[in-house]
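S.K.: predicted model and sequence follow; I will ask about them next.
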Amino acid sequence: MIEEILGTVKQHEEWRGNQCLNLIPSENIMSPSVRKLLSTELGNRYTARDRFYMGTKFLDEMEAYGEKLAKEVFKADVADLRPLSGHIADLIFIATFAKPNDTLMCVSPDCGGYPRMWKDGLVWLLKLNGVAFPFSKQDMSIKVEEAKEAVKRFKPKIVVFGASVIVFPQPVKEIAETAKENGAILGFDGSHVMGLIAGGEFQDPLREGAHALFGSTHKTLFGPQGGIILADKEHGEIIKEHVYPAFVDNAHWNRIAALTLALAEMKKFGKAYARQVVRNAQTLARALHDYGLPVACKHLGFTKSHQVLLDYGDYEKGRVKAEKLQRANIIADCVIRVGTCEVTRRGMKEAEMLKVAELIKRVLVDEEKPENVKKDVSKLCAEFQNIEYCFDR
């Protein structure tokens, strides 16, 4: 039994960690030091806000230091590292300020919005009315003037910017004043672009008018899987009052320690990392386009984030392409969003993006046997096994 369990994990690590080119934009890789903290003794321990448990001195110190770093990195008045995932961070923000029958406005999943926030997810759970931003799929952007009119018409209690498919900054600044004048509380789900925001290479939602920035910590932000909330003082203090006991009882302290170290890495290395992520995405997008692949938004320069969107028209066609790439050890999703966050952290730059584009082209354009391409994928991956932008270097 133990051999089977350990063997399966070892096989996964050897394949995905060493032999695969990971282009999933919702994944990243932790530095060795951050990863080690996940297996520390902290993972066995409890704390509680009512001080029921003794022996929490160092856990409390870690939490305070982590919040301090988060506030510095994101220039926030309030930070909370306790949410167990980005989804739970979304839930905490929305449920704190919304009541049943209130209206939530966000990007529809049909336009790249986060599906679990929509009508079968948090909107259903919290008994809200879901209203979609007017959106241009051609530009992959919210239509500003139409959105302002929609805000005036529907008067949403909660407005959430951000999306799962996010190639360009969203117009927070342009819409914020209208939304606030109509009684809305503004949030930005930065799950995908949290590391780019921290590195100053995307947009700055808290300065642009959002009351809170929240999301997951393991995409462009290279921490462990989990959630984070950053906010202004007024809304942040209200949120912190509700995290315990409504949404998180015992936080996972090994995760919070690992996230704290990742935030320290982001503070020191984040600007250079985020800049390279975007450069890599833009280089990859241009090369894929030149090879004849259907890269979205050519007229806008393809992307300003970590994502490159290949538009095959529908999910099933995308799945066929993704499965073909997987046979060559190129890992993508079924949209197809191609992400550059993990390959950047492994040290790849523009020259390697040209090689990546060629490998993808060989599979999807030349229709070369994936098994043949796999050898060259593994060879490229073998050259980039160290983690950059961290203290381990």
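M.R.: Thanks, I have the structure now. Note that this is a predicted model, so its numbers are computed, not measured. Residues are numbered from 1 along each chain as shown.

S.K.: quick check: residue 101 touching residue 130?
M.R.: No. Here residue 101 does not reach residue 130: they are 11.8 Å apart, not a contact under CB atoms under 8 Å. Glycine gets a C-beta too; all of them are placed from N, C-alpha and C.

S.K.: grab the most central residue of the chain for me.
M.R.: Nearest to the mean C-alpha position of the chain, counting by CA atoms, centre = their mean, stands residue 192 at 2.2 Å.

S.K.: tell me how many other residues surround residue 33.
M.R.: Number of residues near residue 33 (other CB atoms under 10 Å) recorded here: 16.

S.K.: now do residue 190
M.R.: Count around residue 190 with other CB under 10 Å applied: 32.

S.K.: how about residue 299?
M.R.: 8.

S.K.: hmm, residue 307 and the residue nearest to the centre of the chain touching each other?
M.R.: Yes. At 7.2 Å, residue 192 and residue 307 qualify as touching, with contact defined as CB under 8 Å.

S.K.: can you give me the strands in the protein?
M.R.: Per DSSP state E, the chain carries strands over the ranges 21-22, 78-80, 103-106, 129-132, 135-136, 141-142, 158-161, 185-189, 212-216, 227-231, 307-309, 330-331, 337-339.

S.K.: so what touches the last one?
M.R.: Strand 337-339 is contacted from outside by 23-27, 165, 219, 281, 284, 288, 306-310, 332, 360, using CB atoms under 8 Å, 6 or more residues apart in numbering.

S.K.: the first one too?
M.R.: Residues from elsewhere that reach strand 21-22 (CB under 8 Å, 6+ apart): 16, 29, 329, 330, 331, 342, 343, 356, 359, 377, 380, 381.

S.K.: residue 130 and residue 161, how far apart?
M.R.: 15 Å (CB to CB, to the nearest Å).

S.K.: quick one: which of the two has more around it?
M.R.: For residue 130 and residue 161, the more surrounded residue by other CB under 10 Å is residue 161, and the numbers stand at 29 against 18.

S.K.: residues contacting the more buried one?
M.R.: With contact set as CB under 8 Å, 6+ apart, residue 161 has these partners: 106, 107, 142, 170, 172, 186, 187, 188, 189, 205, 210.

S.K.: likewise for residue 188?
M.R.: Here residue 188 is in contact with 160, 161, 162, 170, 172, 205, 206, 210, 212, 213, 214 (CB under 8 Å, 6+ apart).

S.K.: hmm, back to that, ok, so of the contacts of residue 161, who is nearest residue 118?
M.R.: residue 106 (7.4 Å; CB to CB).

S.K.: about what we covered before: narrow the contacts of strand 337-339 to those in helices?
M.R.: The helices, defined by DSSP state H, take in 281, 284, 288, 360 from the contacts of strand 337-339.

S.K.: wait, the second one sits on residue 357?
M.R.: To tie it back to what came earlier, the one meant is residue 284. Yes. Using CB under 8 Å, residue 284 is in contact with residue 357, at 5.6 Å.

S.K.: the more surrounded of those two?
M.R.: The residue with more neighbours, out of residue 284 and residue 357, is residue 284; 27 against 22, by other CB under 10 Å.

S.K.: for that one, what are its contacts?
M.R.: Counting by CB under 8 Å, 6+ apart, residue 284 makes contact with 308, 338, 340, 353, 356, 357.

S.K.: what about 10 Å?
M.R.: Applying CB atoms under 10 Å, 6 or more residues apart in numbering, we find residue 284 in contact with 23, 295, 302-303, 308, 338-340, 343, 348, 350, 352-354, 356-357, 360.

S.K.: now, which of those lie within helices?
M.R.: With helices taken from DSSP H, the overlap with the contacts of residue 284 comprises 343, 350, 352, 353, 354, 356, 357, 360.
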